[in-house]
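Colleague: Everything below, folded, please.
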Amino acid sequence: MRIERRSGHRFEQYQVPVQLQTSDGQSGNGFTLNLSSRGALIRTDFALSQGQTIEITLAMPAEITMGENPGVRCRARVLRVEPAADHSHPTVALRIEHYEFLAREVSPVHHDALHAV
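Modeller: Take a look at the predicted model:
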């Protein structure tokens with residue numbers, strides 16, 4: 001039996017586009033497989049490593065925010081990187097350490113930006 005330790009609601013029905021950036025300015029794109037206020041599981045075309053701190057910007061869907069599509073900027077730490085079995089884009093588990101809502105809407109990154117993930 002596995003004990004559920006998650007305390008926030010997880011959104012799994014939305015694949016929210018994300019933009020990722022490292023402290024040295026490198027950037028990439030991805031989308032969420034699931035998302036909560038404390039963490040995210042994403043698929044990305046961007047090379048990340050366990051323990052790395054990154055900034056992610058999400059274009060939240062109106063269905064989640066109950067209004068407009070505000071952007072959310074998060075500081076997150078990479079907990080693990082799971083290589084894809086078919087050698088495509090890896091799945092990355094993130095722990096969100098801080099987040100803020102942006103004053104403007106964020107344009108979503110389209111999935112085709114991931115080169116057919």
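Colleague: all contacts plus neighbour counts: C-alpha atoms, from now on.
Modeller: Fine.
Colleague: What are the contacting residues of the longest strand seen in the chain?
Modeller: With secondary structure taken from DSSP state E, the chain has its longest strand at strand 91-105. The contact list for strand 91-105 (Cα atoms under 8 Å, 6 or more residues apart in numbering) reads 37-44, 48, 59, 68-84.
Colleague: 6 Å instead?
Modeller: For strand 91-105, contacts defined as Cα atoms under 6 Å, 6 or more residues apart in numbering pick out 38-43, 69-82.
Colleague: Likewise for stretch 40-50?
Modeller: By Cα under 6 Å, 6+ apart, stretch 40-50 touches 28-34, 78-80, 89-94, 114.
Colleague: try 8 Å
Modeller: With Cα under 8 Å, 6+ apart as the criterion, stretch 40-50 contacts 20, 27-35, 77-81, 89-96, 114, 117.
Colleague: If you count neighbours, what's buried in the longest strand of the chain?
Modeller: By neighbour count on 16 or more other Cα atoms under 10 Å, the buried set for strand 91-105 is 91-96, 99.
Colleague: re earlier: narrow the contacts of stretch 40-50 to those in strands?
Modeller: 20, 27-35, 77-81, 91-96.
Colleague: before we move on, back to that, avg pLDDT for the longest strand of the chain?
Modeller: The average pLDDT within strand 91-105 is 86.
Colleague: so who does A84 touch?
Modeller: A84 neighbours (Cα under 8 Å, 6+ apart): 90-91.
Colleague: Next, find the distance separating it from V92.
Modeller: 10 Å (Cα to Cα, to the nearest Å).
Colleague: again with L79
Modeller: 8 Å.
Colleague: cool, and G28?
Modeller: G28 is 13 Å from V92, by Cα to Cα.
Colleague: Please apply the same query to V81.
Modeller: Applying Cα to Cα to V81 and V92 gives a distance of 5 Å.
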